[in-house]
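Chemist: let's see this in three dimensions:
(chains A and B)
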Amino acid sequence: MIEATYKRPESLAKREFSYCPGCHHGIIHRLVAETIDELNIREKTLMVAPVGCSVFAYEFFDVDGTVAPHGRAPAVATGMKRSLPDRVVFTYQGDGDLAAIGTAEIIHAANRGEKITTIFVNNAIYGMTGGQMAPTTLLGMKTTTSPYGRKSETEGFPLHVSELLKETAGIIYLERVAVSSPQEVRKAKAAIKKAFTVQLRGLGFAMVEVLSTCPTNWGLSPVESIKWLNENMKKEYPLGVFVDKVGDLK
Amino acid sequence: MAEKVMVKGNEAMAEAAVRAGCRLYFGYPITPQSEFTEYMARRMPQVNGVFLQSESEVAAVNMVYGAACTGNRVMTSTSSPGFSLMQEGVSYIAGAMLPAVFVNVVRGGPGLGDIQPAQSDYFQATKGGAHGDYHLIVLAPGSIQESVDLMEDAFRMADEYRMPVLILADGMLGQMMEPVEFPEFVKLEGINDHSAWALRGATGRNANKVTSFDIDPVNLEKMNMLIQEIYKRVRVREVRYEAIALEDAEYMLVGYGTMGRILGSVVKLARNKGIKVGLFRPITLWPFPYAELKKAAQGVKTILTVEMSTGQMVEDVRLAVEGSVPVEFYGRTGGMVPTPDEVLAELLKHV
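Modeler: Modelled structure (predicted):
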């Protein structure tokens, strides 16, 4: 009898992901699902999917879920959590969703100390709509709406959401991670687990920003994408803990 | 029988919502409905309810969406520009088949307009203010007492049909004071059991999903047609109107809400002059009482529709009578409220 050592997490639905090869959404989904399994909260978790590539996320997680209007996931999650304070509520949002159209909702949810968890996936581009410029797009980066490369004179600068949010008093835990190597995946998992634990203990708002690739819209192979992320994204968006008001939660 | 108390319209509607079992309120201040939000801020903590002032109407409507996903009674209130901001969320709530109650205390528009009573949001309320094939049930009270009485119906309909219900008031109803008798507190047990679909955590069951989204047009059409089936039931069961002095009427006034009430005075003035005038006051603006109005208009020489707008509901009045009776219109806009004498003078032009 061979014991299975690597299984699909219970909290992931038995469906195929709709994500492109080399995209990091799949890894991040798995880390969130493993966390929900390990904390044994699948049956009391409500999730809010965004609009964008992860619009189907509410189908990929085997928990009660909905999909919010573009950018509004933190407001939807707020309504859920205020209605059912003993449930676990999380949003899963990309950078087009959270850092552009949804800036008001994320800032105010964080500042209210809303007892929800946000997983923020930043790949510096709009994926679902076909590779347009996002607020997070790097300077010089070519997208379908910055075809000559993003220029600060006309398109402004890459928006650092975690750096912005760390100033809001209601935020308890905030870390930027990546999933480009096995070591980083382990660190990301620990961060995600901590962000959910903060909510379980009723402490306030917690967010994990995860740097992700978009091979399709970056026009790179999956391997080249990881290299590009490591060499460029991490310079603009350095990894690290921005807020930790709880310390070791174990 | 409960005692009558003197109360402002906005506060009366808020108290009625609490008595109807609403324990979740999300809102944003805007004149002339701010007393509604302020009342809820005081009242909700007293009944172990939730009051939250959102950062915008956009956030408020999405908080309503989130709370409605859990199947608990939830509402917001706003005024015209605020309801415009909420339209995106209203469309999602309608598409996701969620029960929620809205109050729009209408003010003069378009744009920033003013803060005086108006009825210029009729199109937005009844013809779909946002994208997609959807409707709200729209209730138009003519007095503060009626707005209180309709509140329980609003929550009942939202729960029963799993759709958004709008109480379309105006700045006059929101701001004036009248003696009101409040109903008893509703007992919710067994009324709104939404456990089959609501998001409360998948304990011992498959995960529930609430969405207005389906990437496959075949499925989306099915979803839309399911909603249309519900609308058919609403049209059959929920149409409401008031008919006054129509039995022998030669002329028919049509108006809703505050205007409908003013038209009641016009009927008396005209009858005193020996003119046989009656009033048809739609209470449900959606579903609109088309058949009932057409029947009431039989034998009438002329219909005069009066609105605090440049003419919106009058289109439904014309649709109702299908050319069988001439339909005239009189309206004031921008927050101006027609007086009974003014309407009577207009009516006399058509007699």
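
Chemist: ok, and the closest non-adjacent residue to the residue in the stretch 1-150 of chain B positioned nearest to chain A?
Modeler: Residue nearest to chain A within the stretch 1-150 of chain B (CB to the nearest CB): B:Gly66, separated by 2.6 Å. Where C-beta positions appear, they are placed from N, C-alpha and C, glycine not excepted. Excluding its sequence neighbours, the residue lying closest to B:Gly66 (CB to CB, 6 or more residues apart in numbering or on different chains) is A:Gly79, at 2.6 Å.

Chemist: that neighbour and B:Val74 touch, don't they?
Modeler: Yes: when contacts are counted by CB atoms under 8 Å, A:Gly79 is listed as touching B:Val74 (7.2 Å).

Chemist: neighbour count for the two, which is higher?
Modeler: For the pair A:Gly79 and B:Val74, the greater number of neighbours falls to A:Gly79 (33 against 30), based on other CB atoms under 10 Å in any protein chain shown.

Chemist: quick one: that one is in a strand?
Modeler: No: applying DSSP: H, G, I helix; E, B strand; the rest coil, one finds A:Gly79 to be helix, outside a strand.

Chemist: sorry, back to before: tell me which residues touch the residue nearest to B:Gly66, please.
Modeler: Contacts for A:Gly79 were tallied using CB atoms under 8 Å, 6 or more residues apart in numbering or on different chains; they are B:Leu24, B:Phe26, B:Asn62, B:Met63, B:Val64, B:Tyr65, B:Gly66, B:Ala67, B:Ala68, B:Cys69, B:Thr70, B:Val74.

Chemist: 10 Å - rerun?
Modeler: A:48, A:68, A:72, A:89, B:24, B:26, B:50, B:52, B:54, B:59-70, B:72, B:74, B:100 (CB atoms under 10 Å, 6 or more residues apart in numbering or on different chains).

Chemist: out of these, which are inside helices?
Modeler: Judged by DSSP state H, the contacts of A:Gly79 include B:Ala59, B:Ala60, B:Val61, B:Asn62, B:Met63, B:Val64, B:Tyr65, B:Gly66, B:Ala67, B:Ala68, B:Cys69 as members of helices.

Chemist: need phi/psi at the residue nearest to the fourth one when sequence neighbours are not counted.
Modeler: Spatially, and ignoring its direct neighbours in sequence, B:Asn62 is nearest to A:Ala75 (3.6 Å; CB to CB, 6+ apart). Summarising the backbone geometry of A:Ala75 under the convention degrees, to the nearest 10, its torsions are phi -70, psi -40.

Chemist: for A:Ala75, give me its contacts.
Modeler: A:48, A:68-69, A:91, A:102, A:104-106, A:108-109, A:114, B:26, B:54-56, B:58-66, B:89.

Chemist: how about a cut-off of 8 Å?
Modeler: A:Ala68, A:Glu105, A:Ala109, B:Ser54, B:Val58, B:Ala59, B:Ala60, B:Asn62, B:Met63, B:Tyr65, B:Gly66 are the contacts of A:Ala75 under CB under 8 Å, 6+ apart.

Chemist: quick one, which of those residues are buried?
Modeler: A:Ala68, A:Glu105, A:Ala109, B:Ser54, B:Val58, B:Ala59, B:Ala60, B:Asn62, B:Met63, B:Tyr65, B:Gly66 (16 or more other CB atoms under 10 Å in any protein chain shown).

Chemist: contacts for the helix or strand containing the second one?
Modeler: When elements are defined using DSSP states H and E, A:Glu105 is found to belong to helix A:103-111. Counting contacts by CB under 8 Å, 6+ apart, the residues outside helix A:103-111 that touch it are A:71-75, A:77-78, A:93, A:98, A:116, A:118, A:120, A:161, A:164-165, A:168-171, A:205, A:207, B:54-56, B:58-59, B:62.
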